[in-house]
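Q: using only what follows, build the 3D model:
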Amino acid sequence: MNKDNQNKSAESFSGRHSLPLGRAGVGALTIVIPVFNRKEYIKRTLDSIPDTYRVIVVDNGSTDGSYDYCRMYALNNHRTRMTVEREFTPGAAAARNKGLSLCKTPWVYFFDSDDVFTGLPESWDESLDMVCFPVNMQVNGRNKVRDFSPVSTPHTHILNSMLGTHSMLFRTEWLRHIGGWNNECRTWDDWELGLRALLHKPRLMWLTTKAYHHILVHPDSLTGGSFSERYKEQLKTMEMAFRDIHDYGKDDTRCQFALFLRSYILAGELLREGNRQGSDEVMKFIYDRFHTNDMSYRLGRLLRWYVSKGGRGAWKVALRLVN
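A: Have a look, this model is predicted:
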């Protein structure tokens, strides 16, 4: 890599092919899939992955026979490039880290055990740290491209959550370098990883001409669900994000303000769902972690009220305030 390329910022790779593709591809990649009680869905997922990909399935303490099923699937279908392992530390992040530790290819990709694989970019520049792209979603039988906007700044990602598990392709050693997945995050773990990744200023490229992968949203999926069901875990992840900003962002003021406003948005979502206790716990998190001026608190409370009344696009309003 020449010195000029080394000095390019992550911004220069957002949304366009700033470097030529073609130096890395399918053979250089491993797909890691965490599994927890997904025997009902996992066959569809595995069937969708061509034999040309290396696959590591990590069972995360399933009690429905998923582990044995995956082992037999690999044996019966002669999937010599498929490895089935176990990780008993609870949480998808721990299972993904187990897969990351076993990965021997230069690149690694993660997705869930109830999704359908529809392909990845055929090639990309091996000098990058991350390759990002939009993904497809199926909700109530309808297919669509998940809303996205290319992002390369951490404060923007805090609010728009564009870097999800299925939209990030990592250079393996770089992901290990930044610490992999955070085992303490039991939900929003991809949001936290995306933030931490951007705080490390990766060489990042967005490929926006096509959506890859296919997320199936169903009642038992990890995607979706109410805020009230997981707000304690969400608060824990926001605590991890707060630490990330301190440890890797040098207390970046825009990141702090973005997280401050996102916390108010969460408080408003909980109020909208009628969860006053949860909203109060988020407010305690805000008052304990952030020390700012009265105007910021007033803006935050207004944002919470707006969301609680069903207002849409609050993150866009917050992003305008941050920028």
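Q: only C-alpha atoms from now on, for both contacts and neighbour counts.
A: Noted.
Q: how's this protein carved up into domains?
A: 3-217, 227-322 (automatic domain parsing).
Q: a markdown table for the ones you listed, including mean pLDDT and mean neighbour count?
A: Converted to a markdown table, the domains of the chain look like this (pLDDT from 0 to 100; neighbours: other CA atoms under 10 Å):
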| stretch | mean pLDDT | mean neighbour count |
| --- | --- | --- |
| domain 3-217 | 88 | 19 |
| domain 227-322 | 96 | 18 |
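Q: residue 213 looks like it's in a strand, true?
A: Yes. According to DSSP: H, G, I helix; E, B strand; the rest coil, residue 213 belongs to a strand.
Q: wait, it touches residue 118, no?
A: Yes. Counting by CA atoms under 8 Å, residue 213 touches residue 118, with 4.8 Å between them.
Q: relative to residue 83, how far out is residue 71?
A: Here residue 71 is placed at a distance of 8 Å from residue 83 (CA to CA, to the nearest Å).
Q: swap that for residue 319, sorry
A: 42 Å.
Q: again, but for residue 164
A: Residue 164 is 24 Å from residue 83, by CA to CA.
Q: could you do residue 154 as well?
A: Applying CA to CA, the value for residue 154 to residue 83 is 34 Å.
Q: can you give me the helices for the stretch 151-300 of the chain?
A: 154-160, 172-177, 189-199, 227-248, 253-272, 276-289, 294-308 (DSSP state H, counting those that start in this stretch).
Q: now do the shortest one: everything it contacts.
A: Residues external to helix 172-177 that are found in contact with it (CA atoms under 8 Å, 6 or more residues apart in numbering): 100, 103, 105, 106, 107, 108, 129.
Q: now the third one
A: Contact partners of helix 189-199, identified using CA under 8 Å, 6+ apart, comprise 93, 152-154, 157-158, 161, 163-165, 178, 180-182, 185, 237-238, 240-241, 244-245, 248-249.
Q: re earlier: turn the contacts of helix 172-177 into JSON lines, columns for distance to residue 230 and secondary structure.
A: Below are these laid out as JSON lines (distance: CA to CA, whole Å; DSSP: H, G, I helix; E, B strand; the rest coil):
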{"residue": "100", "distance to residue 230": "26", "secondary structure": "helix"}
{"residue": "103", "distance to residue 230": "31", "secondary structure": "coil"}
{"residue": "105", "distance to residue 230": "34", "secondary structure": "coil"}
{"residue": "106", "distance to residue 230": "34", "secondary structure": "coil"}
{"residue": "107", "distance to residue 230": "31", "secondary structure": "strand"}
{"residue": "108", "distance to residue 230": "28", "secondary structure": "strand"}
{"residue": "129", "distance to residue 230": "31", "secondary structure": "coil"}
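Q: this completes my enquiry, with thanks.
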